[in-house]
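Trainee: Okay, sequence plus prediction incoming.
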Amino acid sequence: MRMSNMFSRTLREAPSGADSKGYEYLLRAGFIRQMGAGIFSLLPLGFRATKKIENIIREEMDRIGAQEILMPVVNTADIWKETGRYYSIDKEMSRFEDRAGRDMVLAMTHEEAVTDLARGEIDSYKRLPLLVYQIQTKWRDDPRPRAGLIRVREFTMKDSYSFDRDQEGLDKVYRAHYKAYFRIFSRCALPAIAVGADSGMMGGKVSHEYMYLSPIGEDTIITCPKCGYTANRQVATFKKEYFAEEMLPMQEVETPDCKTIDDLASFLSIPAKKTAKAVFMVGTYVNDHTGEETEKLIVAIIRGDMDVEESKLSNAAKANSIRPAHEEEITAHGIVPGFGSLIGAKGDFVAIVDDSVAKSNNLVAGANKAGWHLINTNYGRDYTGTVADIASARQDYLCPVCGEKLNSSKGVEIGNIFQLGTRYSESMNCYYQSEDGTRKPVIMGSYGIGVGRLLACIAEEYNDEAGLKLPVSVAPYQVHLISLVKDNAIGEDIYDRLQKAGIEVLYDDRKESAGVKFADADLIGLPIRITIGNRSLKEGKVEVKIRKTGETTAFLVEDLADEVKAEIAKLQAEIDANIVEKELN
RNA sequence: CGGGCAGUAGCGCAGGGGCUAGCGCACUUGGUUCGGGACCAAGGGGUCGGAGGUUCAAAUCCUCUCUGCCCGACCA
């Protein structure tokens, strides 16, 4: 490719709003351009890099026996009504009517579409297992796109779907993905970890997320430095300390102006962990068949020294979504905000009690009377509710496995794998006949990788003050060729030699100053830069510089193509040597 | 959806009732330069996000609206 002919150009200054290095360079180097909030075009360089990533994904998916297909972006709403997700998913999924007034949706994932396909193909156990995947555009109308390609509304996703007769088969294909994903990310040279995760709207049981740890991430990852325990904070557990002591009689005490746990603890001279605080949310419950929504107050009781993890609470309360409650919604149940507890609460609501509270005794709780608290309250004796772990894990809390202090880091989710089970096969009637003649629902799994997000993370990981330095496996071209001599024929000759040798070359044939060419080469950051200049040309040589290391060598023009191929092979070998082969244990 | 900030040339920004709307970079032409974002000269490019209003006069003031960014809610 000749730079003189390239569609995109480089930008000297970062467009405003590009606040991470990776995003800034992808824009400046001309990989991507923004159209609207969370909507981007891929320019030639970005598209080539994307295709390289996609091909790595294809190779690894093919390697575990997956077959590539392509499903429609526009889905008929019928199949989404069958599973109920037409109703349970809110505005994040865009809908429209076709000209005949039929309900249509823009598929944000393809469990429905693939199950619809599969039920037409699968009849007997002899047809199983099956595994398909696609690399396709998704539209999710995220309420808050941000950070360039990290969180967007339109994006390319690799999604695969497995169909098995039994849990054993699902485990096998799940493990295959677990391993393949590590191979994919490491072939892209991106460090990633797998963490236990919440299955969210997918509704499955077992799931893992693949995380690229970085401050630009929005997810919080809890890790144990000692035993390797890792989990998304949404599901992370930790070792709790309990106070199982003899129950004392409950008693009202006056606690004027004590609206927060801190006020209360200092007023009563007790540690925060001897209090039980109430957190009020409202859960939305959606009927999967009719789409009818009902709201219900959720009262969460947790020890004063901990915070509620909303996703855990939402799961425990079996709500489709939750939001903070308004004051009227709380007082309607006879609860006084600031002095609230379950004691004396009336009406229909959902009570969830953290196990830290249920297993501790004699905690201070609200009296549901302004200015008053109750001392020595006890779960079971004074109030009841569903006991669950709804506490949010934090830095320095104790590892649930080994007891070591936990770490908390930020991460970007670049992939996920779900064991779906029979959630979709049952609701969509995707059954097979087994050897004993009985009809059984197919057991499914779904597995995703965000391609654009992966590119964004790689750009974030590999850059310096001058620009990108993408790994050779992902870089849009292998070589950036710069000619600084007047005689065009020399550059053309070398460009030709390299291309004939099968090397991917970006040739800067523009009439620009040396400084401009060097700066653009650094910005685009191809792994190898070749400079044709009078300095070494006198000896019949050209210079080869490795972007990553800055290491420079001069080669004779006759040897150039072979030497460069060797350099490329060396860079690729470094990546290959670090392919992660990790099994799920 | 709530809070904050911002829309002026391709990009980054200045100007904040008054006469022809500026600067840097980028762009065009000519010349000089030629190994780290060159120099000189001459040029081209604007519905000042949109609509309505106030005024003799609006990029500038007012109202509404659209769009983008950041924080939160939210989210795979």
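Mentor: Nice, I can see it. In this text the structure is predicted, and so the values were computed from the model without any measurement.
Trainee: CA atoms for contacts and neighbours, from now on please.
Mentor: Noted.
Trainee: partner residues bridging whichever residue of the stretch 251-400 of chain A sits closest to RNA strand B?
Mentor: Here the residue of the stretch 251-400 of chain A nearest RNA strand B is residue A:323; by C-alpha to the nearest atom of the strand that distance is 5.0 Å. Residue A:323 has these beta-bridge partners by DSSP bridges: residue A:282.
Trainee: Neighbours of it, how many?
Mentor: Residue A:323 has 14 neighbours, counted by other C-alpha atoms under 10 Å.
Trainee: Residue A:101 and RNA strand B: what is the separation?
Mentor: Distance of residue A:101 to RNA strand B, computed by C-alpha to the nearest atom of the strand, to the nearest Å: 24 Å.
Trainee: Could you do residue A:551 as well?
Mentor: Applying C-alpha to the nearest atom of the strand, the value for residue A:551 to RNA strand B is 11 Å.
Trainee: In space, what's closest to residue A:578 - neighbours in sequence excluded?
Mentor: residue A:186 (6.8 Å; C-alpha to C-alpha, 6 or more residues apart in numbering).
Trainee: Can you identify the element that follows the strand or helix carrying the one you found toward the C-terminus?
Mentor: Assigned by DSSP states H and E, residue A:186 belongs to helix A:167-187. Going down the chain from helix A:167-187, the next helix or strand is strand A:193-196, by DSSP H and E.
Trainee: Show the average pLDDT along that next one.
Mentor: With pLDDT averaged residue by residue, strand A:193-196 scores 87.
Trainee: Output it in PDB with nothing but the alpha carbons.
Mentor: The C-alpha trace of strand A:193-196 is given here as PDB (Å, rounded to 0.1, in the frame of the first residue of the first chain):
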ATOM      1  CA  ILE A 193      -7.200 -13.400  32.900                       C
ATOM      2  CA  ALA A 194     -10.300 -15.400  33.200                       C
ATOM      3  CA  VAL A 195     -12.600 -14.600  36.100                       C
ATOM      4  CA  GLY A 196     -15.800 -16.100  37.600                       C
END
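Trainee: any idea how far residue A:469 lies from RNA strand B?
Mentor: Using C-alpha to the nearest atom of the strand, residue A:469 is found at 13 Å from RNA strand B.
Trainee: which residues does that residue contact?
Mentor: Contact analysis of residue A:469 by C-alpha atoms under 8 Å, 6 or more residues apart in numbering lists A:459, A:462-463, A:522, A:524-527, A:547-548.
Trainee: what do you get if the cut-off is 10 Å, keeping everything else the same?
Mentor: Going by C-alpha atoms under 10 Å, 6 or more residues apart in numbering, residue A:469 touches A:458-463, A:475, A:522-528, A:546-549.
Trainee: And RNA strand B, is the helix or strand residue A:278 falls within touching that?
Mentor: Using DSSP H and E, residue A:278 sits in strand A:276-286. No. Strand A:276-286 does not reach RNA strand B (C-alpha under 7 Å from any atom of the strand); its nearest approach is 9.1 Å.
Trainee: ok, residue A:583 - how many residues close by?
Mentor: When neighbours are defined as other C-alpha under 10 Å, residue A:583 has 12 of them.
Trainee: What is the neighbour count of the closest residue to it other than its chain neighbours?
Mentor: The shortest distance from residue A:583 to any non-neighbouring residue, by C-alpha to C-alpha, 6+ apart, is to residue A:179 (5.6 Å). When neighbours are defined as other C-alpha under 10 Å, residue A:179 has 18 of them.
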